Each structure stands twice: as C-alpha cells, then as structure tokens.
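**Student:** Sequence first, then the predicted structure, then my questions.
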Amino acid sequence: MDQLPHCETLLLEKQGPTLFITINRPDVRNAMSLQMVAELSTVFSQIETDLHIRAVVIRGAGGHFCAGGDIKDMAGARGQKAAEGEADPFYRLNRAFGQMIQQVNESSKVVIAITEGAVMGGGFGLACVSDVAIAGPTAKFGMPETSLGVIPAQIAPFVVARIGLTQARRLALLGLRIGANEACSLGIVHQAATSDDGLEEMLANALDRVRHCAPVATAETKALLHRVGHEPMSDLLDSAAEKFAEAIRGSEGTEGTVAFMQKRPAAWAGNS
C-alpha cells in the first residue's frame with residue numbers, strides 16, 4: 001500500500017511492517033461514529049492484500065480506547081424514517097458496525113488492541129476481535145447496553161466466542177464494568193500492565209514476535225483457527241493437511257527450514 005487513506009476520525013502511521021491506528025475523537029472518549037466505522041472498514045479493506053503490513057495496532061487518543069456508540073448518530077437515526085422498502089435506520093446503523101467488526105475479526109493481519117480508559121460497548125467488541133489485547137492500568141471494560149435499554153446486538157457473538165457463554169451472560173445481563181485484572185483473568189485481554197511504560201514494553205514484545213513469524217503462514221494459521229467449530233473435523237483436518245503441504249513446499253517453508261538448519265533468523269524476521 002503506497003498511500004494510507006485519508007481519515008478524519010483516525011490517525012494512521014506506518015512503522016515498518018506495522019500500521020498504527022489511533023481512534024481520534026478524544027472529546028467524546030473516542031465514541032464510535034458511522035464515519036469511524038466506515039473509515040476503519042476502508043483501512044482494513046486496503047491493507048488486506050498488502051504483505052508489507054503484518055500487524056495492526058489499534059488504540060485510542062486521549063487516554064480512552066472507545067466508549068461505545070456515538071449518541072449523535074443514535075439521535076440522528078431516531079429522527080429518520082425508513083423510506084418504503086428500506087431498512088430501519090437503526091438497523092443500518094447497528095449492522096454497519098457489525099460488518100466492520102467482523103471484517104477486523106477475519107483480517108489476515110495480526111490485530112493488537114491497546115486498551116486504556118473506557119472500553120465500552122462497541123469498543124469492548126473491538127477488543128474482543130483482536131488477536132492480542134493488552135490493557136493499561138486505567139482500562140475499564142463493560143457491556144452497558146442493557147442498563148441503557150438496548151442490547152449488545154452486534155458484539156454479543158464475539159464476546160461469547162472470546163470468553164464463553166457463562167461469563168458473557170454475567171457481563172451482559174448485569175451491565176457490569178470491570179477492571180484490567182479481571183478482564184485479563186476472563187480472557188478479554190491477554191496481559192494487563194501496571195504502568196504506561198509496562199504497556200509499551202508489552203506492545204514492543206508482541207510486535208517483535210510478529211516480526212519473527214512468517215507473514216503468509218501467520219495469515220493461513222489465523223484463517224484455520226477461525227474455521228474450528230464451523231465445519232466437520234475430518235474435513236477441516238484434510239484441508240489443513242493440504243495447506244501444510246503447500247506451506248512446507250512454498251518459499252516460506254523452504255526459508256524457515258534452511259534458516260533453522262543454519263541457525264540464523266529467517267529472512268522475514270529482518271523485514272521492516
């Protein structure tokens with residue numbers, strides 16, 4: 001990708017094989033607007049086939065990750081009436097977010113969420129579709145929808161996939177808000193830092209590990225993991241064996257094997 005797309009709600013910066021996406025609406029604790037949803041979708045669409053980008057780091061500006069849906073968009077949808085034959089404006093608003101979060105979930109890139117401050121509603125869902133999630137000491141996670149008289153319609157399936165039905169029921173049905181340590185114990189995040197410096201060190205370590213893993217093999221592995229539970233095991237293992245044969249005979253498999261025998265880093269480990 002030669003040029004990053006222009007965004008008004010996101011700050012984009014490419015550093016080597018990593019794209020840093022900063023949600024940039026700090027005045028509303030980075031609440032997720034329709035425009036932000038569209039811009040995130042555009043970014044992930046453009047980078048999907050770019051092998052030079054191997055990791056995407058998502059974080060929020062101003063000390064918050066994302067406080068959920070934008071109230072102004074909700075108010076705007078309430079004032080609209082669906083034209084004949086068109087879907088309800090609230091349906092379109094909600095479903096657009098769901099399509100974006102599914103896109104992030106299925107991205108071939110390693111998606112890393114750096115969660116600080118408010119991680120609520122849609123922000124909570126976004127954290128739950130990351131491959132690696134790291135919480136800062138200020139992070140507060142929650143599914144407050146039921147306390148607002150609505151439902152976590154698009155994020156609920158991803159929360160269940162992340163932490164299981166039992167814990168998702170407790171969080172969603174009680175509208176709970178929890179801290180970083182409990183989020184880590186539940187598996188919402190993988191690590192909880194006790195300081196800002198610790199958070200940055202954890203991020204640097206994760207990105208270093210991404211660099212040591214072959215990009216195509218990483219993407220194929222992520223795709224394989226997403227298939228588990230959605231098709232018969234024998235069919236899945238047959239397909240996985242085919243993918244394995246392709247990988248080991250391919251350029252990455254050849255380079256990885258040679259590098260291991262020669263006791264040197266593989267070529268992709270030095271890519272920037």
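**Tutor:** Received it, and whenever you're ready, just let me know what you need.
**Student:** Could you list the residues in contact with stretch 200-219?
**Tutor:** Contacts to stretch 200-219, defined as CB atoms under 8 Å, 6 or more residues apart in numbering, come from residues 17-18, 51, 54-55, 57, 108-110, 112, 114, 132, 134, 191, 193, 247, 250, 252-253, 255-256, 265-266, 268-269, 271. For glycine as for every other residue, the C-beta is placed from the backbone atoms N, C-alpha and C.
**Student:** mind listing what's buried in it?
**Tutor:** Neighbour-count burial for stretch 200-219 flags 202-203, 206-207, 210-211, 213-219 (criterion: 16 or more other CB atoms under 10 Å).
**Student:** Report all helices and strands that the helix or strand where Asp238 lies contacts.
**Tutor:** Using DSSP states H and E, Asp238 sits within helix 233-249. Packing contacts for helix 233-249, counted by 3 or more CB pairs under 8 Å, 6 or more residues apart in numbering; DSSP states H and E, involve helix 215-227.
**Student:** pLDDT of the helix holding Asp238, averaged?
**Tutor:** Confidence for helix 233-249, expressed as mean pLDDT, is 97.
**Student:** Which ones among the contacts of stretch 200-219 lie within strands?
**Tutor:** Within these, residues falling in strands by DSSP state E are Thr18, Ala55, Val57, Val110, Ile112, Ile114, Val132, Ile134, Gln191.
**Student:** Filter the contacts of stretch 200-219 down to the buried ones.
**Tutor:** When these are checked for burial by 16+ other CB under 10 Å, the buried set is 17-18, 54-55, 57, 108-110, 112, 114, 132, 134, 191, 193, 247, 252-253, 256, 266, 268.
**Student:** Surely Ala96 and Ser33 touch.
**Tutor:** No. Contact criterion CB atoms under 8 Å: Ala96 and Ser33 do not qualify, at 10.6 Å.
**Student:** out of these two, which sits in the busier spot?
**Tutor:** More neighbours surround Ser33 than the other of Ala96 and Ser33, with 20 against 16 (other CB atoms under 10 Å).
**Student:** Switch the ones in strands among the contacts of stretch 200-219 over to JSON lines; also include distance to Glu145.
**Tutor:** Formatted as JSON lines, the ones in strands among the contacts of stretch 200-219 follow (distance: CB to CB, whole Å):
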{"residue": "Thr18", "distance to Glu145": "32"}
{"residue": "Ala55", "distance to Glu145": "30"}
{"residue": "Val57", "distance to Glu145": "27"}
{"residue": "Val110", "distance to Glu145": "29"}
{"residue": "Ile112", "distance to Glu145": "26"}
{"residue": "Ile114", "distance to Glu145": "24"}
{"residue": "Val132", "distance to Glu145": "26"}
{"residue": "Ile134", "distance to Glu145": "25"}
{"residue": "Gln191", "distance to Glu145": "27"}
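**Student:** Out of those, the closest to Asn181 would be?
**Tutor:** Lowest distance from Asn181 to the ones in strands among the contacts of stretch 200-219 (CB to CB) belongs to Gln191, with 10.7 Å.
**Student:** which residues touch that closest one?
**Tutor:** Listed by CB under 8 Å, 6+ apart, the contact partners of Gln191 are Ala133, Ile134, Ala135, Cys184, Met202.
**Student:** swap the cut-off to 7 Å and go again
**Tutor:** When contacts are counted by CB atoms under 7 Å, 6 or more residues apart in numbering, Gln191 is found next to Ile134, Cys184, Met202.
**Student:** repeat for Arg169
**Tutor:** By CB under 7 Å, 6+ apart, Arg169 lies in contact with nothing.
**Student:** and it, how far is that from Pro144?
**Tutor:** To Pro144, Arg169 is 15 Å away according to CB to CB, to the nearest Å.
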